[in-house]
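1. need a structure here:
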Amino acid sequence: MMNIMHGETLPLSSFLAIIITVSVLLANPSSSSLESFVYVGCTQLKYNPGSPYESNVNSMLASLVNSASISNFNNFKISLPGSTPSDVLYGLFQCRGDLTSSDCHRCVAAAVTRLGTFCVGTSGGALQLDGCFIKYDNASFLGGQDKAVVSDKCGPSIGYDSETLSRRDAVMAYLTGGGGQYFRVGGSGNVQGMVQCVQDLSVSECQDCLSEAIQRLRSECGTSSWGDMFLGKCYARYSERGAYSSSSKSGNDDEMEKTLAIIIGLIAGVAVIIVFLSFLSRSLDRKALALVK
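-> Numbers count the residues shown, from 1 in each chain. Model prediction:
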């Protein structure tokens, strides 16, 4: 821990080191693109505080986080002692197929924290971040197909750029035909795509879900430079640049960047003032010593 005593002048080198450290911390926020928000949904039904159901919810969320450190997918059915049949809770988490165990664990922990904020006291909730998905409910959904659209976004139109659109269609066709894989990526030139199913689906159900998502994506996003189509149990995404995080970038991200620029500017301004005052102080000290002599 750093202690700065009053009445002492902080060396310029130390102050600049602090500025550099603060700037680096601001420029690299703890929440990575993997934790970028996509969507959230909460049930209207509430549970009573202190009830067995609340204990099951807490146990479920803890199980999701703990299990995410050793696998990219798992599902649970939880009924602690004292629970009735209506207290039984079902849940799962799914990380993006290319994530490491540590990234998966970090993403799921962030998702659980956010879901606890959004869905306070609700009997069920689902949250999708860029790198992971979590869901819990007292109605069993494990192994069930769900092709309802929960989030869809399209980027700006690139016009009828035949080459880019042909590459996009080729990538989507390749991803549609990758049967037997729950996570698939593909690319052609500067166009990249990604699809994924929740692994509680069978291979055939996964294929059916992805075909639906890709068909909707091509239909709704048309000539867009990027597109996201999230269904209840699968998603399909593509980007002209391969930058998936840009598709989920929100106005809050823009505001953060503006705020970051302002803060760094203020820090730089303060640095200039302190350097000037330090120089002035040393000059006055030298003059005072000269008068004494």
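
2. Show the contacting residues for L231.
-> L231 makes contacts with 146-150, 209, 212-213, 216, as judged by C-beta atoms under 8 Å, 6 or more residues apart in numbering. Where C-beta positions appear, they are placed from N, C-alpha and C, glycine not excepted.

3. again, 6 Å this time
-> 147, 149, 213 (C-beta atoms under 6 Å, 6 or more residues apart in numbering).

4. swap in T122?
-> Neighbour list for T122: 42-43, 46 [criterion: C-beta under 6 Å, 6+ apart].

5. I'd like to know which of those are buried.
-> Neighbour counting with 16 or more other C-beta atoms under 10 Å marks 42-43 as buried within the contacts of T122.

6. Return the subset of the contacts of T122 lying in strands.
-> Members of the contacts of T122 lying in strands (criterion: DSSP state E): C42.

7. from the contacts of L231, which would you call buried?
-> Of those, these count as buried by 16+ other C-beta under 10 Å: 147, 213.

8. could I get the contacts of T122 as TSV with distance to V191 and pLDDT?
-> Below are the contacts of T122 laid out as TSV (distance: C-beta to C-beta, whole Å; pLDDT from 0 to 100):
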residue	distance to V191	pLDDT
C42	35	97
T43	38	95
K46	45	94
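
9. Closest one of the contacts of T122 to R96?
-> Closest approach between those and R96, by C-beta to C-beta: C42, at 23.0 Å.

10. Chain neighbours aside, what residue packs nearest to that closest one?
-> What sits nearest to C42 in space, not counting adjacent residues and going by C-beta to C-beta, 6 or more residues apart in numbering, is C119, at 3.8 Å.

11. so R184 sits right up against Q196, yeah?
-> No: counting by C-beta atoms under 6 Å, Q196 is not a contact partner of R184; they are 7.4 Å apart.

12. who does the nearest residue to R114 once chain neighbours are set aside bridge with?
-> Excluding the flanking residues, the one nearest R114 by C-beta to C-beta, 6+ apart is L127, at 5.9 Å. Beta-bridge partners for L127, by DSSP bridges, are V40, I134.

13. if I look at L127, how far off is T164?
-> Remark: distance between L127 and T164 (C-beta to C-beta, to the nearest Å) = 32 Å.

14. More neighbours: those two, which one.
-> L127 (25 against 18; other C-beta atoms under 10 Å).

15. does that one really touch G41, like I thought?
-> No: if you go by C-beta under 6 Å, L127 and G41 don't touch, sitting 7.7 Å apart.

16. Mind exporting the C-alpha coordinates of stretch 169-177 to CSV?
-> Only the C-alpha atoms of stretch 169-177 are listed here, as CSV (Å, rounded to 0.1, in the frame of the first residue of the first chain):
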residue,chain,number,x,y,z
ASP,A,169,-23.6,-17.0,-48.1
ALA,A,170,-20.7,-19.5,-48.6
VAL,A,171,-19.7,-19.2,-44.9
MET,A,172,-23.3,-19.7,-43.7
ALA,A,173,-23.7,-22.7,-46.0
TYR,A,174,-20.5,-24.2,-44.6
LEU,A,175,-21.7,-23.7,-41.1
THR,A,176,-25.1,-25.2,-41.8
GLY,A,177,-23.5,-28.3,-43.2
